[in-house]
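Asker: Output the structure for:
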Amino acid sequence: MDRLEAYLRDLRSYLIGFALAIALTAAAFWVVLSGALAAGTKLTVIGILGLVQLLVHLRFFLHIDHSRQKREDLDLILFTSLVVLIIVLGTAWILGNLYERMDMSM
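Answerer: Model prediction:
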């Protein structure tokens, strides 16, 4: 009976996560297609919806929460995100520097 309860708990978590992910995706499409907001506001709202969707995926699909046993997984995800951020920002910095040095502003 214990395995059935764990299965149903996981299934419930996946279904809630799926419903939230669909709702957040639909909200982002509505923001873009409605034309009710200014361009800068649209970008801000889409960014916030993207961050919320990231949290939904971490919680409901990857089962990352504040418990002690999941702390190592969260540390690994945060470290990987930091490395990717350093690579992306470093690349943008180098390309911006090259752009300035080649004087390509026409």
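
Asker: Could you check how far the helix or strand of the chain with the lowest mean pLDDT is from the centre of its chain?
Answerer: Every helix and strand in the chain was compared by mean pLDDT, DSSP states H and E; the lowest is helix 71-102, with a mean of 92. The chain centroid and the centroid of helix 71-102 are separated by 16 Å, computed with Cα atoms, centre = their mean, to the nearest Å.

Asker: and if you look at stretch 95-103?
Answerer: On the basis of Cα atoms, centre = their mean, stretch 95-103 sits 31 Å off its chain's mean C-alpha point.

Asker: Near Ile16, how many other residues are there?
Answerer: Ile16: 13 surrounding residues under other Cβ atoms under 10 Å. The way it works is simple: take the backbone N, C-alpha and C, and place the C-beta from them, glycine included.

Asker: same thing with the one 5 residues further on?
Answerer: When neighbours are counted by other Cβ under 10 Å, Ala21 registers 16.

Asker: Double-check it against Leu54; I have them as touching.
Answerer: No - contact criterion Cβ atoms under 8 Å: Ala21 and Leu54 do not qualify, at 10.3 Å.

Asker: The most centrally placed residue in the chain: what secondary structure?
Answerer: Taking Cα atoms, centre = their mean, the centroid of the chain lies closest to Leu54, which sits 3.0 Å from it. Secondary structure, DSSP: H, G, I helix; E, B strand; the rest coil: Leu54 is helix.
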